[in-house]
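Provided below are the primary sequence and the corresponding predicted coordinates.
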Amino acid sequence: MSWSKLKGLFVEQGATADAVQGDVDAVLSDLQKYELPAGQVGALPDGTSAAALTGQIDFQALYDQAGIPNTDEVESLERFLSGLDGDLPQTSRLAAAKAFLGAVGKSPKDVIQDAGRKISVVRAVAEAKQADTKSGSAERQGVIADLQRQIDEHRAAIQGLESDLESVRLQCTTEEARLQGARVFFGHMGGA
């Protein structure tokens, strides 16, 4: 794939919109063949708990745990490319990357394979964490539902107590009124 095609993704050079879209589609089609298919997911490395995957994840330790051969083609190439002058043309960066890989006895295919193995681990981490989160959320929703049931029972009990209190108050008020009536009647009669 040529630099001009990649550059066309970001810089419009007097071309019509249809021509630019055609170039974009061709470049995306070229790039798509290098993407790892979405269905390719590895297994979570042995001894790794999805619940422990929180905060900053040490992917290199996970790659080591997964038994990925001690290769770091992707990381070495990234370090090398980050050390290059940012103003270098893409063709020069590509040539430098190929020369670097040749010097360390690797090929672009090695980088592609290394990245693919690591992507499988990354996807396994994401899937395991998603499943762990879904399970934990469902468990906690069950606890919340149980607590809500208990809250509702306690509210109903409080309402029962308050209804009972109102009934007792009404009866007491009625009884007191009856007794007060007797006091007033007999007090007025007897002149006590």
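Looks like it came in fine. Numbers count the residues shown, from 1 in each chain.

which SSE is the closest residue to Gln40 other than its chain neighbours in?
Spatial nearest neighbour of Gln40, chain neighbours left out: Ser120 (5.9 Å); criterion: C-beta to C-beta, 6 or more residues apart in numbering. (C-beta placed from N, C-alpha, C; glycine too.) Applying DSSP states H and E as the criterion places Ser120 in helix 108-190.

also Thr54?
Using DSSP H and E, no helix or strand contains Thr54.

list the buried ones in stretch 89-100?
Using 16 or more other C-beta atoms under 10 Å as the test for burial, stretch 89-100 gives 93, 96-97, 100.

among the residues you listed, which are in helices?
Counting by DSSP state H, the part of these found in helices is 93, 96-97, 100.

low pLDDT regions in this structure?
1-24, 27-28, 30-31, 70-71, 190-192 (pLDDT under 70).

walk me through the domains of it.
1-30, 48-129, 138-192 (automatic domain parsing).

nearest to Leu36, out of those domains?
domain 48-129 (4.8 Å; C-beta to C-beta).

name the SS class of Leu44, please.
Using DSSP: H, G, I helix; E, B strand; the rest coil, the structure places Leu44 in coil.

wait, it sits on Val122?
No - counting by C-beta atoms under 8 Å, Leu44 does not reach Val122; the two are 10.8 Å apart.

now the common contact residues for these two.
Counting by C-beta atoms under 8 Å, 6 or more residues apart in numbering, no residue touches both Leu44 and Val122.

the two: which has the busier surroundings?
Leu44 (21 against 18; other C-beta atoms under 10 Å).

so what's the backbone phi/psi at the more buried one?
Per-residue torsions, Leu44: phi -60, psi 130 (degrees, to the nearest 10).

can you give me the distance of the residue positioned nearest the centre of the chain to Gln60?
Nearest to the mean C-alpha position of the chain, counting by C-alpha atoms, centre = their mean, stands Gln130 at 6.8 Å. According to C-beta to C-beta, to the nearest Å, Gln130 and Gln60 sit 22 Å apart.

same question for Glu35.
Distance from Glu35 to Gln60, by C-beta to C-beta: 22 Å.

over to Gly116?
Gly116 is 16 Å from Gln60, where distance means C-beta to C-beta.

neighbour count: those two, which is higher?
Gly116 (16 against 12).

I'd say that one and Tyr34 touch.
No - between Gly116 and Tyr34 there is no contact under C-beta under 8 Å: 9.5 Å.

distance of Pro37 from Ile119?
10 Å.

out of those two, which sits in the busier spot?
Between Pro37 and Ile119, Ile119 has the larger neighbour count (other C-beta under 10 Å), namely 16 against 7.
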